[in-house]
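**Q** no sequence on this one, just coordinates:
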């Protein structure tokens, strides 16, 4: 395992899993939010995001979590493991509220500096989550179904699934 692609909808646990996987494997972790956002919640252009994603994807070792689906096919072609975290919408909404409250006024570790969590942004973000809940899941399901034979696909639907997956890594020697 040298290149791991993690996908899932907001609040599914992508960043948390990526950090845990990075600790176990020593692979460098890249969070899409550090590519999507610049300090001060300034969004990068589509072209900038695409270029930065391709730079990460070209690397020999990575755990890359998150969206920018315009680059998913390229990322998937390079990945040797695709992890799809498929969690129910009510749980994901609750997790977004919880992380916003716990990090209110501060930037999360998976965000650039000066991107503090704000309660005022929740309604707009919830609207995005609601509007894309079905289409985004279908897109991820399709991506997993079209993974090349050289890429193992793992679907995690619960905290238990994630624990079992992470625990299974300790039983296997990992290439560094």
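**A** It's in. No experiment lies behind these values; they were computed from the predicted model shown. Numbering: from 1, shown residues only.
**Q** Please state the backbone phi and psi of residue 38?
**A** phi -110, psi 170 (degrees, to the nearest 10).
**Q** That one: neighbouring residues, count only.
**A** Using other CB atoms under 10 Å, the number of residues around residue 38 comes to 15. Just so you know, the C-beta spots here come from the backbone N, C-alpha and C atoms, and that holds for glycine as well.
**Q** cool, the one 5 residues further on as well?
**A** Counted with other CB under 10 Å, residues neighbouring residue 43 total 10.
**Q** which phi and psi does residue 79 have?
**A** phi -70, psi 150.
**Q** List the contacts of it.
**A** The contact partners of residue 79, by CB atoms under 8 Å, 6 or more residues apart in numbering, come to 3, 4, 5, 64, 151.
**Q** Restricted to strands, list those.
**A** 3, 4, 5, 64 (DSSP state E).
**Q** from what I can see the last one touches residue 30, true?
**A** Put plainly, it is residue 64. Yes. Shown here, residue 64 and residue 30 form a contact pair, counting by CB atoms under 8 Å, at 4.8 Å.
**Q** top helix in the protein by residue count?
**A** Looking across the chain with DSSP state H, the single longest helix is helix 122-145.
**Q** who's in contact with that helix?
**A** Contacts of helix 122-145 (CB under 8 Å, 6+ apart): 7-11, 69, 72, 76, 82, 84, 86, 89, 92-93, 96-97, 100, 153, 155.
**Q** Could you check the angle the following helix or strand past that helix makes with helix 122-145?
**A** Toward the C-terminal end, the helix or strand that comes next after helix 122-145 (DSSP states H and E) is strand 152-156. Per axes from the mean of the first three to the mean of the last three CA atoms, to 10 degrees, the angle that strand 152-156 makes with helix 122-145 is 140 degrees.
**Q** same question for strand 152-156, mean pLDDT?
**A** For strand 152-156, the mean per-residue pLDDT is 97.
**Q** thinking again about what came up before, drop anything exposed from the contacts of residue 79.
**A** By neighbour count, with 16 or more other CB atoms under 10 Å, the contacts of residue 79 hold 3, 4, 5, 64, 151 as buried.
**Q** hmm, back to that, farthest-apart pair in the contacts of residue 79, please.
**A** Using CB to CB, the two most remote members of the contacts of residue 79 are 64 and 151, lying 13.0 Å apart.
**Q** Can you mark which positions in the longest helix of the chain are buried?
**A** Those would be 122, 129, 133, 136, 137, 140, 143, 144, for helix 122-145 by 16+ other CB under 10 Å.
**Q** Pipe these into CSV and attach pLDDT per row.
**A** Output for the buried residues of helix 122-145, formatted as CSV (pLDDT from 0 to 100):
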residue, pLDDT
122, 92
129, 96
133, 95
136, 96
137, 97
140, 97
143, 97
144, 97
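**Q** Would you confirm that residue 39 contacts residue 112?
**A** Yes. Look at residue 39 against residue 112 with CB under 8 Å: they come within range, at 5.0 Å.
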